[in-house]
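> Okay, here's the prediction I keep looking at, along with the sequence it came from:
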Amino acid sequence: MPPERTSICNTCGQKFKSRGLAAHQKACRRDTIRMQEDCERQNARAGDPGSITTARCVTRFDSLFNGFQDDIRTEYHPRSGIPIKTDHFADFRCHAAAPSLICENTTPWEPFTSRIDFDFAELVLKANLTKLQTNELISLIRCSALERFSVTDYDGICKLWDAASSRHAKFKKEVISVPHRDQEHDFDVWYRPLWDWACDLLKDPRLGPHFMFDAQRLYKFECSNNDEGKPFAFIIYADKAKLSSFGRQKAYPVIARCANLPVGIHNGEGFGGGCLVGWLLIVEEDRQYSGTQSFVNFKNVMWHKSFKCLLKSLALLSKTGFWVKCWDGIERLFYPLILILSADYEEQCVMSLIRGTKCKFPCPVCLVPREELGNVLTSYPLRTSASTQATLREARNFVRQEDKEKVLMSRGLRDVDNTFSDVAHMDVHSAVSFDRLHVNNEGNFSDHLWTQFQEHVKSIGRQTQSQINVYFDSMPRWRNINHFNHVMDISFSDGSKYEDISKLIVFAAHDVIDRATHALPYLLLRCICEYVNIDMYAALEVHTSETIVEGHQAIKEFTQLLDQYSAKDDSGKNWAYPKWHTHAHLFDDIKVKGATCNTNTKPNEKCHGPIRRIYLRRTNFKNIAEQVLRLDHRFLIAHSIRLDIEDYDDLITSQNDPLRLDSEDNERPNNDSDATLHIKLGAAQKEQTFATLEQLHANDNAFNRFRIKLANFLSDSLPAHGIPMQVIKHRFIKVNYESIVDWRTTVDYLRCSPLFHNFPRYDCIILQTQAGVIFGCLLMLFTCVMDGQTHPVALVHPYDAPVGQCSLKDKHFQFWISSEFFSVHSIIRGAALAEDHSIQGDYLVINTIDTDMFLHMKLMHKSAGHLE
């Protein structure tokens, strides 16, 4: 393939592919002009806090970070041979991987006869059409087809899918035999060889440039006797899934991800994201033996023998390594390892072969006694695979079963060989990881804190319960956060909804739960607030040494509050349980494996949805494993072929008319060039005159003297321009800002609409002024045209009154009270403000809407002296 042509942008001087140059130059020139206009406005207003402030491409809380530099320094492991790299922030945040190689395959749809044959087969697959429906549709198409269409019937499509199945690693079937009570039991195990799947990823030209093999954290697992080797790290997930509505039919899928790919790819969908690599059998309970020691061991032996089939392609290669010719034609030596086991506590017990909640040491990571599970501030000896193997050898030296069990029970272990010991550079007790979904959202909060709070509120009275429902319903709507009308009635939901409840319940209930009359519920509400702090620290996408320390401190403060609550609570609630103890390992886990987005089961449980849809729509509900896996593989093949076709189309388009592709890309509404703009308005309305505007808002005090105030505002900020006669209202604004969590561009979608999904929606914002940072509520967004130039303006209801002394309640729940609004154009980012019903006119900033807001509010608290 000939080398790609590159050209230099005349505006910024950077190199770009020729097919992307036109789109970049157009956006680059536009951004340069806008930045020059902003500078002119900044010079014109010379310190006026009420005028339109300069909007950087990415706006930060600069007043809070005076000591921060805009450069990002990246250090690689010394053995990688890669020098230290320093990027300016603008380059770092917009950084993309090197351009992928485009295969010049002129028939990417093969083995399908033609492109239309593949398009049709892909449509049939996605639409879940039956054989009869497919054949009827083919008959209609063949009667009227103008292009070549060679598909004759459903069986023909199936043969084509079978012919294409070799594009990626296929599923294999093995039969394993497990003895129980002098009887052999045979089980079918379906698996996709893990190393074959890994090689598919390594050879893909689209994924290749994104691979990272020199990350410092990964090198600690590298084979120490070969400097050329690179680690290929797997993330393995296994958990049961309900396929039928009432849970009578279940599946046990195994999902694999590659930790060497960026989290946005390996946690995403499609090729490079989670892939179904195994299908474990669920052993039916036997009434005669269910619950006995032998039957439990039998199920564990079956699980590990099944997993042995999945791991056997890695066992030898993890010791010897394997040379792979990668996407760029270079051969590299890889050592496969399993870095992370992502699973709920039940599966972690099976993976590590401990006896569960009732054994003497119920933690799969350390040897904490069962009665000390509530003590998360004390460190206990860590389990290791070596010590486990030593205990097994010691127990198996005894002849009497009673003596053997005594040794095993002293460490909470089972007499079963662990299949993960076959993989080198892996310790199963270190690989099992903190699972934020099941530990926090569907564990500590949903099953413990939330149920306790519901019981307290119910005991107070129905009026209190109703009042909390009303206040919760009045919470501002926010993107990606569920809204609840009767929150106190929720007793069963999914982890995402419980997470959203935990983020908002303190803001809805603090006015209702009085400290004097409801001391115990008030103390529990403080516990929930501290729990949310822990969960927000756990959710951070990037950690620093400071956030690790603050996270440990949050656990300490929660533990102290929980001890106070437990001492006063007479319900007999036991807070010493494994999921709470997991917090003892939370931040150590983060330091070893990175942020919890790498270990969370939430992305993996999303894979249950496609499996469930295949089961419900495409199987006969009998012997479902083979049917589901066959269709899952076809979806993978279809996705791969579709990507090849898209690359082929781009190649043909660029060869025929290079500028056409660039112009098409630039006209797309979600073009990446939008990310270089700080603010982008949308949902434009019809042009209105001032008279019409004032008439529509005649009863709204915020619009009194609207024309006069706007004239004064524009004359101050744009003295060289005239006064517009008409304005265009907008009901949507997209704000790009720099996240202080990971230093990358993040986007807020804000609404300013009288009716959005049947509800009025006027979002709040954070504004940067000459005097400092303030909060406000959007009342109207509009643009006005003066001298041929468009100027966006926001009418804002401001909150800028001084905060002053913090009340005791505000310190307990870490509220930030803003009491005034301000009108200005410089929007930093969106914010969610909840009304403080105890003090009329006061609002509370909801610091839990995302991790960036959480850290920002912590910094603002510190700068105001509310926190040490």
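Perfect, thanks for sending it. Numbers count the residues shown, from 1 in each chain.
> From now on I want contacts and neighbour counts done on CA atoms only, so please keep to that.
Fine.
> center of the chain, which residue is that?
Among the residues of the chain, the smallest C-alpha distance to the mean C-alpha position (Cα atoms, centre = their mean) belongs to C597, namely 6.1 Å.
> From what I see, that one and A539 are in contact.
Yes: the criterion here is Cα atoms under 8 Å, and C597 meets it with A539 at 7.3 Å.
> just the helices in the stretch 151-300 of the chain please.
Listed in chain order, the helices of the stretch 151-300 of the chain (DSSP state H, counting those that start in this stretch) span residues 154-164, 194-202, 216-219, 263-266, 293-315.
> Which among these is found nearest to S838?
Each of those was scored for nearness to S838 using Cα to Cα, and the closest is helix 263-266 (42.4 Å).
> in the closest one, what's buried?
Using 16 or more other Cα atoms under 10 Å as the burial criterion, the residues of helix 263-266 that qualify are V263, I265, H266.
> swap in stretch 583-597?
By neighbour count, and taking 16+ other Cα under 10 Å as the criterion, the buried residues in stretch 583-597 are H583, A584, L586, F587, D589, I590, K593, G594, A595, T596, C597.
> give me phi/psi at T689?
Here is the backbone geometry of T689 (degrees, to the nearest 10): phi -90, psi 170.
> okay, now it: neighbour count?
A count of neighbours around T689, defined by other Cα atoms under 10 Å, yields 12.
> So what sits opposite it in the bridge?
Using DSSP bridges, the bridge partners assigned to T689 are Q726.
> What's the separation between it and T152?
63 Å (Cα to Cα, to the nearest Å).
> How about I611?
In this structure, I611 and T152 are separated by 28 Å, where distance is defined by Cα to Cα.
> higher neighbour count, the two?
Summary of the neighbour comparison: I611 and T152, criterion other Cα under 10 Å, with I611 having more neighbours (20 against 12).
> Hmm, V628 and the more buried one touching each other?
Yes: with contact defined as Cα under 8 Å, I611 and V628 form a contacting pair (6.9 Å).
> what's the pLDDT at the closest residue to the residue nearest to the centre of the chain other than its chain neighbours?
Counting by Cα to Cα, 6 or more residues apart in numbering, the nearest residue to C597 once its immediate chain neighbours are dropped is E541, at 6.9 Å. Turning to E541, the model gives it a pLDDT of 93.
> got it, and the one 10 residues further on?
Turning to G551, the model gives it a pLDDT of 95.
> likewise G156?
89.
> nearest to S459, of the buried residues of helix 263-266?
V263 (45.1 Å).
> tell me the contacts of that closest one?
Applying Cα atoms under 8 Å, 6 or more residues apart in numbering, we find V263 in contact with C597, N598.
> one more time with 7 Å, if that's ok
Under the criterion of Cα atoms under 7 Å, 6 or more residues apart in numbering, the neighbours of V263 are N598.
> Pull up the gap between the closest residue to I468 other than its chain neighbours and A516, please.
The spatially closest residue to I468, leaving aside those adjacent along the chain, is A509, at 5.6 Å (Cα to Cα, 6+ apart). Applying Cα to Cα, one obtains 15 Å for the distance of A509 from A516.
> more crowded one of those two?
Taking A509 and A516 together and counting by other Cα under 10 Å, A509 has the greater number of neighbours (21 against 8).
> I figured the more buried one hits Q467, correct?
No: in this structure, A509 sits apart from Q467 without contact. The criterion is Cα atoms under 7 Å, and the distance is 8.4 Å.
> Quick check: pLDDT value at E222.
Taken from the predicted model, the pLDDT recorded for E222 is 38.
> Could you do D328 as well?
Reported pLDDT at D328 in the predicted model: 89.
> doesn't it fall inside a strand?
No: the assignment for D328, made by DSSP: H, G, I helix; E, B strand; the rest coil, is coil rather than a strand.
> ok, which stretches of the stretch 351-500 of the chain are helices?
Counting by DSSP H, counting those that start in this stretch, the helices of the stretch 351-500 of the chain are 385-396, 401-409, 428-431, 436, 450-460, 462-473, 495-509.
> Show me the longest strand that occurs in this structure.
Ranked by residue count, the top strand of the chain under DSSP state E comes out as strand 772-786.
> Each with direction, which strands does that strand pair with?
Strand 772-786 has these partner strands in its sheet, going by DSSP bridges: strand 726-738 (antiparallel), strand 764-769 (antiparallel), strand 789-799 (antiparallel).
> and the host helix or strand of S753, what other elements does it pack with?
Following DSSP states H and E, one finds S753 within strand 745-756. Helices and strands touching strand 745-756, by 3 or more Cα pairs under 7 Å, 6 or more residues apart in numbering; DSSP states H and E, are strand 726-738, strand 759-762, strand 772-786, strand 827-831.
> buried set for it?
Of all the residues in strand 745-756, those buried under the rule 16+ other Cα under 10 Å are T745, T746, V747, D748, Y749, L750, R751, C752, S753.
> For D535, see how far away the second one is.
Applying Cα to Cα, one obtains 21 Å for the distance of T746 from D535.
> still on that earlier bit, tabulate the helices of the stretch 351-500 of the chain in JSON lines, adding columns for distance to P578 and mean pLDDT.
What follows is the helices of the stretch 351-500 of the chain, written out as JSON lines (distance: least, Cα to Cα, whole Å; pLDDT from 0 to 100):
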{"stretch": "helix 385-396", "distance to P578": "20", "mean pLDDT": "95"}
{"stretch": "helix 401-409", "distance to P578": "17", "mean pLDDT": "93"}
{"stretch": "helix 428-431", "distance to P578": "15", "mean pLDDT": "96"}
{"stretch": "helix 436", "distance to P578": "13", "mean pLDDT": "95"}
{"stretch": "helix 450-460", "distance to P578": "18", "mean pLDDT": "94"}
{"stretch": "helix 462-473", "distance to P578": "31", "mean pLDDT": "94"}
{"stretch": "helix 495-509", "distance to P578": "18", "mean pLDDT": "94"}
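> So for L520, which of those helices sits nearest?
The minimum distance between L520 and these falls on helix 450-460, with 8.3 Å, by Cα to Cα.
> Next, the angle from that closest one to helix 462-473.
Per axes from the mean of the first three to the mean of the last three Cα atoms, to 10 degrees, the angle that helix 450-460 makes with helix 462-473 is 130 degrees.
> Can you tell me what sits against helix 450-460?
With contact meaning Cα under 7 Å, 6+ apart, helix 450-460 is reached by T464, Q465, M488, P521.
> Can you list the buried residues in that helix?
Of all the residues in helix 450-460, those buried under the rule 16+ other Cα under 10 Å are W450, Q452, F453, Q454, H456, V457.
> closest to L333 among those?
Where the buried residues of helix 450-460 are concerned, and distances follow Cα to Cα, L333 has its nearest neighbour in W450, at 50.4 Å.
> And the pLDDT for the nearest residue to V432 once chain neighbours are set aside?
Using Cα to Cα, 6+ apart and skipping the chain neighbours, the partner closest in space to V432 is L341 (4.7 Å). Reported pLDDT at L341 in the predicted model: 96.
> Assumed L341 was part of a strand.
Yes: the secondary structure assignment for L341 places it in a strand, going by three-state DSSP.
> just to revisit the earlier point, out of the buried residues of strand 745-756, which one sits closest to K406?
So of the buried residues of strand 745-756, ranked by how close each gets to K406 (Cα to Cα), first place is T746, at 55.8 Å.
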